[in-house]
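Visitor: Next input, structure requested:
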Amino acid sequence: MEERFCWRCNVNVVMLNDEEFALCQEAFIHGKKIVEKELEKRNIKDFVWLDKIETFEKYRYLLEMYRMLTGEYESNPLAILHHQSSQFGKDCPNCKKPFRTSRAIYCARCGYGSGNLTKI
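Guide: As a prediction, this is how the structure comes out:
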């Protein structure tokens, strides 16, 4: 997990690595048992479940898993589904924002690398 700029949210957020992202996906699909299994694996005994989640109940365990992994509460469950570090490219050498995709060849923020593009 690392803090990186998110293009959709337009702020720096905690990005999940592939393993953490997979745990969040499993929690979304399989629910509470996955979160409890991860709590046991990490030997977390004092985890306080949120009494009230301010969104649909179907996202409850996705939000709980994200909070357990990052220590931060995210109110928008759909944001979590695009906060996977590997969905973005490397950081731009010029402005330090990540390329929008892993296949991007220029920076959408500052234009770094666009001079190497061929003109059609």
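
Visitor: use CA for all of it now, contacts and neighbours both
Guide: Will do.

Visitor: Tell me who's in contact with the residue lying closest to Lys97 once chain neighbours are set aside.
Guide: Distance criterion C-alpha to C-alpha, 6 or more residues apart in numbering; nearest residue to Lys97, sequence neighbours excluded, is Asp91 at 5.3 Å. Going by C-alpha atoms under 8 Å, 6 or more residues apart in numbering, Asp91 touches Lys97, Pro98, Phe99.

Visitor: Next, count neighbours for the first one.
Guide: Think Lys97. If you count neighbours by other C-alpha atoms under 10 Å, Lys97 ends up with 21.

Visitor: related to what we said a few turns ago, now the residue nearest to Lys97: phi and psi?
Guide: phi -80, psi 140 (degrees, to the nearest 10).

Visitor: State the number of residues packed around Asn12.
Guide: So Asn12, with other C-alpha under 10 Å, has 13 neighbours.

Visitor: partners of it in the sheet?
Guide: Residues in a beta bridge with Asn12, per DSSP bridges, are Phe5.

Visitor: Can you tell me the SS state at Glu3?
Guide: When classified by DSSP: H, G, I helix; E, B strand; the rest coil, Glu3 comes out as strand.

Visitor: give the contact list for it.
Guide: Contacts for Glu3 (C-alpha under 8 Å, 6+ apart) come out as Asn12, Val13, Val14, Met15.

Visitor: In this protein, which helix is the longest?
Guide: helix 18-30 (DSSP state H).

Visitor: State the pLDDT value of Thr70.
Guide: Model confidence at Thr70, given as pLDDT, is 91.

Visitor: and the residue lying closest to it once chain neighbours are set aside, what is it in contact with?
Guide: Nearest non-adjacent residue to Thr70, counting by C-alpha to C-alpha, 6+ apart: Val14, 7.1 Å away. Contacts for Val14 (C-alpha under 8 Å, 6+ apart) come out as Met1, Glu2, Glu3, Arg4, Thr70, His83.

Visitor: wait, doesn't the fourth one sit right on Pro98?
Guide: Yes - under the criterion of C-alpha atoms under 8 Å, Arg4 makes contact with Pro98 at 7.5 Å.

Visitor: related to what we said a few turns ago, for the longest helix of the chain, buried residues please.
Guide: By neighbour count on 16 or more other C-alpha atoms under 10 Å, the buried set for helix 18-30 is Glu20, Phe21, Leu23, Cys24, Gln25, Glu26, Ala27, Phe28.
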